[in-house]
Structure formats: C-alpha cells, structure tokens
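1. from the sequence below, what's the structure:
(chains A and B)
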2 protein chains.
Amino acid sequence: MSEQSPLDLAEGHPFGPHNLPYGVFSTADEPGRRRVGVRVGDHVLDAGAAAHALGSPYAALLSLPSLNALLAAGRTTWRDVRRAITSWVTVPAHRPDIEPLFHPLSAVTLHLPYDVADYVDFYASEHHATNVGRIFRPDGEPLTPNWKHLPIGYHGRSGTVVVSGTDITRPSGQRKAPADPAPVFGPSVKLDIEAEVGFVVGTPSRLGHPVGIAGFRDHVFGLSLLNDWSARDIQAWEYVPLGPFLGKSFATSVSAWVTPLEALDQARVAPPARDFPLLPYLDDGAADEPGGFDLRITVRINGEVVAEPPFSSMYWTAAQQLAHMTVNGASLRTGDLYGSGTVSGPEAHQRGSLLELTWNGQEPVGAGGGKRTFLEDGDEVTLTAWAPGPDGLRVGLGEVTGRILPADAR
Amino acid sequence: MSEQSPLDLAEGHPFGPHNLPYGVFSTADEPGRRRVGVRVGDHVLDAGAAAHALGSPYAALLSLPSLNALLAAGRTTWRDVRRAITSWVTVPAHRPDIEPLFHPLSAVTLHLPYDVADYVDFYASEHHATNVGRIFRPDGEPLTPNWKHLPIGYHGRSGTVVVSGTDITRPSGQRKAPADPAPVFGPSVKLDIEAEVGFVVGTPSRLGHPVGIAGFRDHVFGLSLLNDWSARDIQAWEYVPLGPFLGKSFATSVSAWVTPLEALDQARVAPPARDFPLLPYLDDGAADEPGGFDLRITVRINGEVVAEPPFSSMYWTAAQQLAHMTVNGASLRTGDLYGSGTVSGPEAHQRGSLLELTWNGQEPVGAGGGKRTFLEDGDEVTLTAWAPGPDGLRVGLGEVTGRILPADAR
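-> All right, here's what the predicted structure looks like:
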C-alpha cells in the first residue's frame, strides 16, 4: 500500500489490535462473496485471506460467509483464533503478508454476521423498569413483585434482526388511547428506540441441561450494541396479558461487529448491590469474575447526543440471564442472541429510550437537530459505546445505526 | 411385497390417498440418511425414491433431509407435487414401482420435519381465554379489552420445538404462591398441556411488506397438531409484565406429519360470529373461503380420553393471525411456525388444558388411568385429530405424543 499502513493508523485507536471484533463483509467487485472480517482501526482485515497467506490452520473457518462456524467452535478455538489474529496484526514480520489484505471500512458492505437462532430480550435495568412502571402504572408500585427475584425476559422475532445501516420502515398497527371508544389503525405515532447490549451464544447446550452462571464464558462468544426499535402505541394496546409482540417484531438492529468477551477483560465490574437474597442458581456472589461490564453508551439522533446510558448500572448480569434462560432445561443454539433490555442509568440524561427521556412525550429532547418526543420520518439513530481496555486504551463497540422511512415508503 | 399391499390397506383409512401428509424419516439400516416421506395408511412412502423410480422432476426436492426446500418452493409446486404423489399411489400402473418403496410406520424413525424459524403462539379460543381469565383474575373481566380486536400472540422458543415422541423432562424454576413470603425453586408442580394446531409457513415475505388475509394460501403450506407444554406455576410468577417465558420455553411438541392445506378443503368452516366490527386488515367477511377448520381433537393421558376440543370453535382464524403477525411489516421465513393457542370449546369436556379441565387443580380429571390435577412423572400425553374429507372419508392429523420424565432424570 502506498499510503500509511492500516496497522500504523490503528495505533491507540478504540478498534486497535487490543480489540479485534469480528464481522462479515463483501466488496464492490465481488458483492456475492461474503467472508469473515476483523476490524482494525477504520479498516477491515480479510481474515480468511490472512489465514491462507500465513498458513494458519483456521483458514477454512475464517473463509466462510458467516461467523456461525467460528461461534460453534467453542472457547478454546475462540482463544486460539484471537491469539493468531493478534499476532498477525502486531508482529512486524507479518506486515508484508497482511497489509495488502485490508479494505477501508468505507469501501466494504457489512452484513448480518451470523444466523440468529432464538432472540430473547431482557428487562434488566432497574432504572428503566422503574421509569416504565411509573409512566404506565402511575398508581401502582413501579416494579412488579417478581422483578428483583428473576431477570424478566421474553422471546422476540429473530427473523427481523437486521444489521446496522438497514433502514427501518415505520410500522403500522392498532392503537387505542384509554379515552378512544375503539382501536384505530395507522402508522405508529410513538416510534422509539431501546439502547441495549446483545450477547451472542456460540457453544450450544443440550435440551434438559441447564447452563449455570459459571457457564457464561463457555457458551457466550461476545457482545454487540443492539437497538430494539419499539412502537410504544402498538405495544401499549397489545401487551396485556401475553407481552410485547408487534410493537417490537418489525425490526431489531445489531452492530455488524461482534466484540469477543476476551477483548473486554478490563471492563468487568461488579453489578449494583442486590436488595433481596437470590435463589442459588442466580447467586453470583462467589463467581470467578465480576458479572457486569463497564460499557459507556452514547445515543445520537441525527448526530446530536440525546443520552449516555451506562451499562455498568444494570441490575441483572448477562451470566445471570443465561443461567435463568436455561434453568428450565431450555437448550441453547449457536447464534442465539439475547438483549440486556434497555440500558438506563440513574440520571435523566442516562435513559436509553425516548419513552423515558421525554417521559412518554411530555418533555421533548434535542435542540440543534430539532426537538423530539418520538422518532420522526428521516431520523437517523446511532448507538456507539466504548469500554476501558488495557493500558488506558478504549475498546470501541461497533456502532448500530438506522434511519426511519415513512410508513408508505414500501 | 408378499403381504397385502400398503395401498390396499390404506383404502378408507384416515391417512389414505386423499390425505398424504409429509414428514422426514430414517430407517434402522441407514440411521443417518433422513429423507422425505409421505404417510399412506400405516406405512411411509419414500418420496424421493418414488420420484426417482417414476422419473419425476421432483426427485431432487423430495430426496433432501428436510421439508424446507419443498416449503420454500411455493404454492404452485406444492400443488404439482401433491398431484404427482396422488397419481403414484392411485394409478394402478405405478404399483410395481411404488410398492417396494413403503416402510411400515413402526419400522422407521420420524424426525422434526423442517427447521423451525420463528415460533409464535396465539391465544385464539374465546372459551380458553375466558376460562384462564376467570381462573387467574377472578375479580375482573375474564377477557382483556383488546381480546376481540386483535389476535393476541407472543413469540416462543423455536430451538426447543421437538418432534412427537420426544420425552419431556419436567422443568424446574421459580414459583411463588401469593401467600409465600419469597419465591422457591424446584420442579414444576403444575405441569400442563395445551392442545393446539400449528401452522407452517412455506413462502417467505419481504421485511416491510405485510401479508394480508388473502395471502394465507400463498404463504402457509400446512398444519399439524402441537402441544405447547406449560408449567403453570412458573408461568404465573414470571409472566407480568412481559408475558410467558420459562413456563413455556422448555419444550413444544409438534407432529412428525405436516398436513398440506389442500388435504383439508372439505374441512373449511366459518368461524364463530364476531361480536365487534374488525379493522379492515382483519376483516374476513369477504374472504374467498371460510377461515376456520373443522378439526376434531382428542386429548389422551395414558390412553384415557380427557378432552375433545373442537378447532371449529376458534374465534380468530389462522389467516387473521397471519395478517396480524405481518401487518407491522414483520417478514416471514420458510419454517415459521405459529400455534393457534389452546383449543377449548364451550363444553367442559372440550377444554384443551388441564388448567381448565381441573379448574386450576380443584377438580381432578380421569378415572381408569388415575385421577389427575396436573401431569405426573411417567404420564404420556397424546393428541390426535381428524377432519371431514372427501366422500365421507376422514382426514387424520398426525399424532403428537410425549412422556414426562422426572426433573432429576437428566
């Protein structure tokens, strides 16, 4: 390469060699050939080509059109592949082989990096659940009696999980305000976001065999940002008694980049103190490592920062969610995705949904880009995040972005 | 074959040549070779082998290890393949080629016939929803205000959909009776069934493009019986506010046989009169064919009949459910499965769950096989059904059966 090396450009970058998230990309000259890429700075390394060039035993695994085989390969392979790639991008002797295999991020198309098996969404932020309870049930206790005893969750639609950058058509559906005599049909007028972190399962488990808290590192490959788009008006009318359905199922956006758990070793933090004793299968008091992650999320609408939710404030951890999700014997499959639930911190500017930020539309947010209660057609929502890494570096998470198309744009 | 021909034995049989459901089977001598089978009487026709023997253009499609490609092939192909197979098993000249290609049902292993994409469960019986409302919310209206305006549904866990005959391990989890000071953990003490009909999507749809009621025949390939196993104690504690999760996700059993919609043309009936005007996207008043199906289900526990739920009594039809599920733009994938919800009729012996049959355990059912409130370890539950067919014949649906293993049998 005649210009500066992507490896030099990545020094000190949040996507430097200490990070190395995985994705799937294609190039304009071969749009049908999807392959595994590793992000280094603002470039993508063709991982399969690099493995071939360096005679790596992982060349076949990294030349596939999705991450599924890598996810299924298990923790030892995850570690070994990461070690190999780390050496490719850090050992100077590999430079001549590796440098020609980078593509600028701006020149590639990024794809949904794995086939989503089951998608589960949790509800693990005490601040979020309390805000929602206050908004929707102002006369009752904000948290339901079960909330601090188990991580509440529900299954979502895996077939409508889309990769960052996919446009989101405003959904239509039924809604009924309490005063309306009958429901009406039309485009959602309360289209919202939920800033979340999604965990990606690699190693499957057998039906009838629960995976405990200690199985988190063996089964979960990594994480990414996730935007659980929500039509609050549709949701409010439909969700009693069996939970959210069409208010959520039109789209869920995930980052094109999956960050391996190993890249986040410096970001592990203890979750908040628990108010109630937990049943043994959820008790993480004796866990080998802290259950939380110090991920600092930023939510932007049309470029303007509207919220900065701290993932470290989540009451329930991803390991507890995994233990709960399987305690009844439910099996895991490679590609299972589970969302943390909306990340909201204790402060007003730390809320991860417009429902909370605007208190159900009563208090608009935003300024330069225009005041917002809920999303308007054409709005672009972008989630970014970083975590503390080694040597004072930041570990960047891949962004999740999506633009709202009008309901009649089909 | 030296004994009587399977084709002669199938005459007048509920699985005769007017039925022809599809499944996937393997034989003891080649356990790894799964292939498409068509049930004829109490035999299975090796459909791919038959297609090869008769030079059918569908030989490749029918030699695959799952029904997915057939499901994805679309309505015209579904019709043509069914016509071809009907001729193979009815035209006398084909007998010498076809007869050697049958296997007795008792000699084959039946497998989950397609990869389940998303699994949705509805709640479409007014009688069931009313019973459940009366049991769980005795002081309120039994039906929620939305119930007659939209078909309530939620997503379930597709990874734990299992084929008939799979043992079901009793799930463990949290439960809390209202008087208990805190939740306790242990094997479910209220393990239940839900007798349902599951609809299998063949033709996918595009994200952002709703499929209306009129799209039912183009997108839905067929149906089968489904048992949505339910742990009522786990469900009761967890389901507010986001719906059922672990009380359902441990297992859902489906029949090994998928009955194509075309086999049920004589079984179409009008749904019950609707009490409220429906929004246009759900209004089936001008539909080309009646939305209901006259399927007569029998529920047995250890061989004893405990209920006979009539599917014709369902308030919401499968076509309405399809229209609702996609009205927000959610896409369909080949292999999507949606359950009708528990089928319960107006009479006490027509209730499709033990929750209703025993009124939450207060009134045991059964006699010869032992009184039951909820399921005991070792119990075997079997759903069967038939529908009116041509010329006074019955169309049998493939059974769904499952036996309860104790929680500690892992």
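2. hmm, which helix or strand of chain A has the shakiest average pLDDT?
-> Least confident helix or strand of chain A, by mean pLDDT, DSSP states H and E, is helix A:6-9 with a mean of 93.
3. hey, what's A:Leu397 bridged with?
-> A:Leu397 has these beta-bridge partners by DSSP bridges: A:Ala385.
4. separation between A:Ser66 and A:His52?
-> From A:Ser66 across to A:His52, the span is 18 Å (C-beta to C-beta, to the nearest Å). (Glycine included, C-beta is placed from N, CA and C.)
5. circling back to that earlier point, which is the next helix or strand following the least confident helix or strand of chain A?
-> Using DSSP states H and E, the next helix or strand after helix A:6-9 towards the C-terminus is strand A:22-27.
6. which parts of that next one are buried?
-> By neighbour count with 16 or more other C-beta atoms under 10 Å in any protein chain shown, strand A:22-27 contains the buried residues A:Tyr22, A:Gly23, A:Val24, A:Phe25, A:Ser26.
7. where does the stretch 1-150 of chain A have low pLDDT?
-> Residue ranges of the stretch 1-150 of chain A with pLDDT under 70: A:1-3.
8. show the pLDDT at the closest residue to A:Glu126 other than its chain neighbours.
-> The shortest distance from A:Glu126 to any non-neighbouring residue, by C-beta to C-beta, 6 or more residues apart in numbering or on different chains, is to A:Tyr315 (4.4 Å). pLDDT, A:Tyr315: 98.
9. show me what contacts A:Tyr315?
-> Shown in contact with A:Tyr315 (C-beta atoms under 8 Å, 6 or more residues apart in numbering or on different chains): A:Ala124, A:Ser125, A:Glu126, A:Lys148, A:Pro271, A:Pro272, A:Arg274.
10. stretch A:383-403 - what's its average pLDDT?
-> The average pLDDT within stretch A:383-403 is 97.
11. flag every buried residue along that stretch.
-> When burial is assessed from 16+ other C-beta under 10 Å, stretch A:383-403 yields the following buried residues: A:383-389, A:393-403.
12. just the CA coordinates of it, formatted as CSV?
-> Provided in CSV are the C-alpha atoms of stretch A:383-403 (Å, rounded to 0.1, in the frame of the first residue of the first chain):
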residue,chain,number,x,y,z
LEU,A,383,-25.6,4.0,19.2
THR,A,384,-21.9,3.9,19.9
ALA,A,385,-20.0,2.7,23.0
TRP,A,386,-16.6,2.2,24.5
ALA,A,387,-15.2,0.3,27.4
PRO,A,388,-12.0,0.6,29.4
GLY,A,389,-9.2,-1.6,27.8
PRO,A,390,-5.6,-2.4,28.5
ASP,A,391,-3.0,0.3,29.1
GLY,A,392,-5.5,3.1,29.3
LEU,A,393,-6.8,2.3,25.8
ARG,A,394,-10.5,2.3,24.9
VAL,A,395,-12.3,-0.7,23.4
GLY,A,396,-14.8,0.5,20.9
LEU,A,397,-18.0,-1.3,20.2
GLY,A,398,-19.3,-1.3,16.6
GLU,A,399,-22.0,1.2,16.1
VAL,A,400,-25.7,0.5,15.4
THR,A,401,-27.4,2.9,13.2
GLY,A,402,-30.7,3.0,11.4
ARG,A,403,-32.8,5.6,9.6
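13. can I assume A:Leu71 sits in a strand?
-> No. A:Leu71 is assigned helix when assessed by DSSP: H, G, I helix; E, B strand; the rest coil, not a strand.
14. ok but A:Trp237 is inside a helix, no?
-> Yes. Counting by three-state DSSP, A:Trp237 is found in a helix.
15. what about A:Pro346, which SS state?
-> Relying on three-state DSSP, one would call A:Pro346 coil.
16. hang on, isn't it packed against A:Ser125?
-> No. Between A:Pro346 and A:Ser125 there is no contact under C-beta atoms under 8 Å: 9.9 Å.
17. between those two, who's got more neighbours?
-> Set side by side, A:Pro346 and A:Ser125 show more neighbours around A:Ser125, with 29 against 13, by other C-beta atoms under 10 Å in any protein chain shown.
18. show the contacting residues for the more buried one.
-> Residues in contact with A:Ser125 (C-beta under 8 Å, 6+ apart) are A:Ser313, A:Met314, A:Tyr315, A:Ser340, A:Gly341, A:Thr342, A:Val343, A:Ser344, A:Gly345, A:Gly352.
19. can you give the domain ranges for chain A?
-> According to automatic domain parsing, chain A comprises the domains A:6-111, A:119-409.
20. could you single out the most deeply buried of the ones you listed?
-> Ranked by mean neighbour count, those are led by domain A:119-409 with a mean of 21 (mean count of other C-beta atoms under 10 Å in any protein chain shown).
21. gap between that one and the chain center?
-> Distance, stretch centre to chain centre, for domain A:119-409: 8 Å (C-alpha atoms, centre = their mean, to the nearest Å).
22. for A:Thr252, which non-adjacent residue is closest in space?
-> Distances taken as C-beta to C-beta, 6+ apart put A:Val161 closest to A:Thr252, at 4.8 Å, once the chain neighbours are dropped.
23. distance check, that neighbour against chain B.
-> From A:Val161 across to chain B, the span is 10 Å (C-beta to the nearest C-beta, to the nearest Å).
24. one more: A:Pro280?
-> 7 Å.
25. residues contacting that residue?
-> B:Phe185.
26. CA-only coordinates of the lengthiest helix in chain A in CSV, if you can.
-> In chain A, taking DSSP state H as the definition, the longest helix is helix A:75-90. Output in CSV follows, covering the C-alpha atoms of helix A:75-90 (Å, rounded to 0.1, in the frame of the first residue of the first chain):
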residue,chain,number,x,y,z
ARG,A,75,-14.0,-21.4,23.7
THR,A,76,-10.6,-22.9,23.1
THR,A,77,-10.8,-22.2,19.4
TRP,A,78,-12.1,-18.7,20.1
ARG,A,79,-9.0,-18.0,22.2
ASP,A,80,-6.6,-19.6,19.7
VAL,A,81,-8.0,-17.8,16.7
ARG,A,82,-7.8,-14.5,18.6
ARG,A,83,-4.2,-15.2,19.6
ALA,A,84,-3.4,-15.9,16.0
ILE,A,85,-5.0,-12.8,14.6
THR,A,86,-3.4,-10.7,17.3
SER,A,87,0.0,-11.9,16.2
TRP,A,88,-0.8,-11.2,12.5
VAL,A,89,-1.6,-7.6,13.3
THR,A,90,1.2,-7.0,15.8
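27. just how off-centre is the very next helix or strand once past that helix within its chain?
-> Next along the chain after helix A:75-90, taking DSSP H and E as the criterion, comes helix A:95-98. For helix A:95-98, the separation from the chain centroid amounts to 32 Å (computed by C-alpha atoms, centre = their mean).
28. what strands line up against the very next helix or strand once past helix A:95-98, and which way round?
-> Where DSSP H and E defines the elements, the next helix or strand beyond helix A:95-98 is strand A:102-104. Sheet pairing of strand A:102-104 (DSSP bridges) gives strand A:43-46 (antiparallel).
29. chain center to the next helix or strand after the strand it pairs with, what's the gap?
-> Following strand A:43-46 in sequence order, the next helix or strand is helix A:47-53 (DSSP H and E). Average the C-alpha atoms of helix A:47-53, do the same for its chain, and the two points are 27 Å apart (C-alpha atoms, centre = their mean).
30. show me what helix A:47-53 is packed up against.
-> If you count contacts as 3 or more C-beta pairs under 8 Å, 6 or more residues apart in numbering or on different chains; DSSP states H and E, helix A:47-53 packs onto strand A:30-40, helix A:75-90, helix A:95-98.
31. contacts for the shortest one, please.
-> Pointing back at helix A:95-98 there. Outside helix A:95-98, the residues that touch it by C-beta under 8 Å, 6+ apart are A:Ser5, A:Leu7, A:Leu45, A:Ala50, A:Ala53, A:Leu54, A:Trp88, A:Val89.
32. what do you get for the longest one?
-> Contact with helix A:75-90 is made by A:7, A:10, A:17, A:20, A:38, A:40, A:45, A:47, A:50-51, A:54, A:56, A:58, A:61-62, A:70, A:73, A:94, A:98, A:202-203, A:217-218, A:221, A:260, A:262, as judged by C-beta under 8 Å, 6+ apart.
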